[in-house]
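Participant: Compute the structure for the input listed below.
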Amino acid sequence: MKFDDLDRKLRVFETAYDFSVPPNNYMVARIDGRGFTRLTKEVHSFERPFDVKFRDLMVETVKHLMTCGFHVIYAYTESDEISLLFDINENAFSRKSRKYTSILAGEASAKFSLLLGALGTFDCRLSILPRVQDVVDYFRWRHEDAHRNALNAHCYWMLRNQGETPTLASKAIEKKSTKFKNELLFQNGINFNDLPSWQKRGIGFYWTTEEKTGWNPKLNREEVTKRKVIETEFELELGQAYSNFVADKIKRDE
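Facilitator: A predicted model of the protein is given here:
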């Protein structure tokens, strides 16, 4: 069989399940660390429950994803996950979902591994959101998840550091209320409200314009140039204020 005939015959199997996201829909990619519990607790000795060095690895990975060929207007990270919001008119790879999920998982894995100096892998999924409110709700959901995870993590590791086994530490906070967990920490000298914001609320990223004054040797004068830079927000607001913050980032890009 000739190559052209083989190509026509087999290409259909490769593309049979291709799905392109319809226009006028927002796309949000969520990139999650694969096996990161073992990676961060057993393979590498990161501080528990949160480590600034690990945080910075995630921050640099997010910045890489925002500049690797897609128009990302807002990004968010908490723990070992990253969420990327694309411009509604993003049309790279004809909006084929498999391209976004495979490329972003690969880019995140490669960047993180280079920074870490060891293998770290990510998977990726794509949410298709028709309305601005759906996008806001998505990021509010991840934001609330960060708060819940941080509270649980601080309680769990406080108990572990006091000598509890993994099983007993987990059972001690299982199905307990937020009030109970806050009080548990407080009774042991930890005020959850005073902990770093990035641990409780995650970190946001967006584009802003920076002005820089430089000398133009051709015109023999100073000139002000503008360039887009990534702003990293370690002090995200809570509740409705955060929803408004995300909505503003979408509005600015319209």
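
Participant: Just the mean pLDDT for the helix or strand hosting His154, thanks.
Facilitator: Here His154, judged by DSSP states H and E, is contained in helix 132-161. Helix 132-161 comes out with an average pLDDT of 97.

Participant: and the nearest residue to Ala150 once chain neighbours are set aside, how many residues sit next to it?
Facilitator: If the residues on either side of it in the chain are set aside, Ala150 comes closest to Lys200, at 4.6 Å by C-beta to C-beta, 6 or more residues apart in numbering. Backbone N, C-alpha and C define where each C-beta goes, glycine included. Neighbour count for Lys200, taken as other C-beta atoms under 10 Å: 21.

Participant: Contacts for whichever helix or strand comes after the helix holding His154, please.
Facilitator: Following helix 132-161 in sequence order, the next helix or strand is helix 166-173 (DSSP H and E). The set of residues that contact helix 166-173 without belonging to it, under C-beta atoms under 8 Å, 6 or more residues apart in numbering, is 152, 155-156, 159-160, 164, 180-181, 184.

Participant: which of these has the most neighbours?
Facilitator: Most surrounded of the contacts of helix 166-173: other C-beta under 10 Å gives Cys155, at 24 neighbours.

Participant: That one touches Phe186, doesn't it?
Facilitator: No - under the contact definition of C-beta atoms under 8 Å, Cys155 does not touch Phe186, with a separation of 11.0 Å.

Participant: neighbours of Lys171, just the number please.
Facilitator: Based on other C-beta under 10 Å, the number of other residues close to Lys171 is 13.

Participant: where does it sit relative to Ser177, distance-wise?
Facilitator: Relative to Ser177, Lys171 is positioned 15 Å away (criterion: C-beta to C-beta, to the nearest Å).

Participant: which residues of the stretch 51-200 of the chain fall in strands?
Facilitator: In chain order, the stretch 51-200 of the chain shows strands spanning 72-78, 81-86, 121-129, with DSSP state E, counting those that start in this stretch as the criterion.

Participant: Give the bridge partners for the spatially most central residue of the chain, please.
Facilitator: Nearest to the mean C-alpha position of the chain, by C-alpha atoms, centre = their mean, lies Ile82 at 1.7 Å. In this entry, Ile82 is beta-bridged to Ile31, Thr77, by DSSP bridges.

Participant: shouldn't it be in contact with Ala108?
Facilitator: Yes - Ile82 lies in contact with Ala108 (C-beta under 8 Å); the separation is 6.7 Å.

Participant: farthest pair in the contacts of helix 166-173?
Facilitator: Arg160 and Phe180 (17.8 Å; C-beta to C-beta).

Participant: in stretch 222-234, what's buried?
Facilitator: By 16 or more other C-beta atoms under 10 Å, the buried positions in stretch 222-234 come out as Glu233.
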